[in-house]
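Visitor: Have a look at this fold, sequence not included:
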């Protein structure tokens with residue numbers, strides 16, 4: 001049996017039976033892995049606590065690895081980052097739920113992607129230490145495409161539209177997948193947003209909703225089986 005040590009981010013957890021859970025972890029060393037964790041809901045017998053496996057918790061794990069096995073096992077778990085504001089702030093909790101839902105739809109590979117892992121770490125650490133997070137989900141969705149292979153081609157930003165299917169700006173605006181007018185302007189504005197801009201109120205509530213709809217459509221066109229996060233309605237009600 002192979003054993004490896006890695007930093008890991010919790011993507012999702014599901015209760016299994018009375019005392020166990022199945023958790024999906026995005027590991028720095030071996031990509032997405034699923035684990036059966038026994039006894040976490042048993043007060044004295046469990047080796048690990050259920051609290052370790054909250055969505056987007058950052059861990060260091062020592063785990064078994066058998067190729068082609070659906071459920072691996074964990075030998076050691078240590079919490080790498082102790083969140084404070086993320087676990088107590090309702091807005092941040094809603095963002096965490098949204099991000100974890102998106103990641104569940106887009107991360108499928110059991111292989112290492114260290115740049116993506118480092119991006120997620122940076123993003124979560126920023127979220128923990130900043131209070132004005134109204135643009136965060138939009139920035140997250142757009143920048144994530146860099147690591148998924150369909151970041152917008154920005155070589156012709158003066159064109160009349162942006163083709164979501166092609167991922168590029170275009171002069172041909174006669175189909176349903178092309179952003180134009182105010183939607184195009186908002187999309188171009190989002191492309192210019194950096195980490196340092198995230199605490200600035202860049203977009204109105206209506207603009208955020210329009211941008212979120214455009215980005216979700218973009219994902220649906222490029223990720224097979226992408227599911228619109230159920231938490232999207234919560235975000236729309238929060239960011240007014």
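Guide: Received the coordinates, thanks. Everything numeric in this text was worked out from a predicted model, so none of it was measured.
Visitor: okay, CA-based contacts and neighbour counts for the rest of this
Guide: OK.
Visitor: Find the residue at the geometric middle of this structure.
Guide: With the centre of the chain defined as its mean C-alpha position, the nearest residue by C-alpha atoms, centre = their mean is residue 99, 3.6 Å away.
Visitor: Is that residue within a helix or a strand, and which one?
Guide: Here residue 99 sits within helix 90-106, counting by DSSP states H and E.
Visitor: rewinding a little: how about the residue nearest to the centre of the chain, nearest residue that isn't a chain neighbour?
Guide: Beyond its immediate neighbours in the sequence, the residue positioned closest to residue 99 (C-alpha to C-alpha, 6 or more residues apart in numbering) is residue 137, lying 7.6 Å away.
Visitor: Am I right that that neighbour is in contact with residue 94?
Guide: No - between residue 137 and residue 94 there is no contact under C-alpha atoms under 8 Å: 10.1 Å.
Visitor: All the strands of this protein, in order from the start?
Guide: Counting by DSSP state E, one finds strands in the chain at the ranges 2-16, 20-27, 31-37, 58-65, 74-79, 161-163, 168-170, 178-179.
Visitor: burial measure for residue 156, as a count.
Guide: Taking other C-alpha atoms under 10 Å as the criterion, the count of residues near residue 156 is 13.
Visitor: my guess is it meets residue 169, correct?
Guide: Yes - under the criterion of C-alpha under 8 Å, residue 156 makes contact with residue 169 at 5.7 Å.
Visitor: who touches both of the two?
Guide: With contacts defined as C-alpha atoms under 8 Å, 6 or more residues apart in numbering, no residue is shared by residue 156 and residue 169.
Visitor: how much space between residue 62 and residue 161?
Guide: 49 Å (C-alpha to C-alpha, to the nearest Å).
Visitor: ok, these two, which is more surrounded?
Guide: Here residue 62 and residue 161 are compared on neighbour count by other C-alpha under 10 Å; more neighbours surround residue 161, at 23 against 18.
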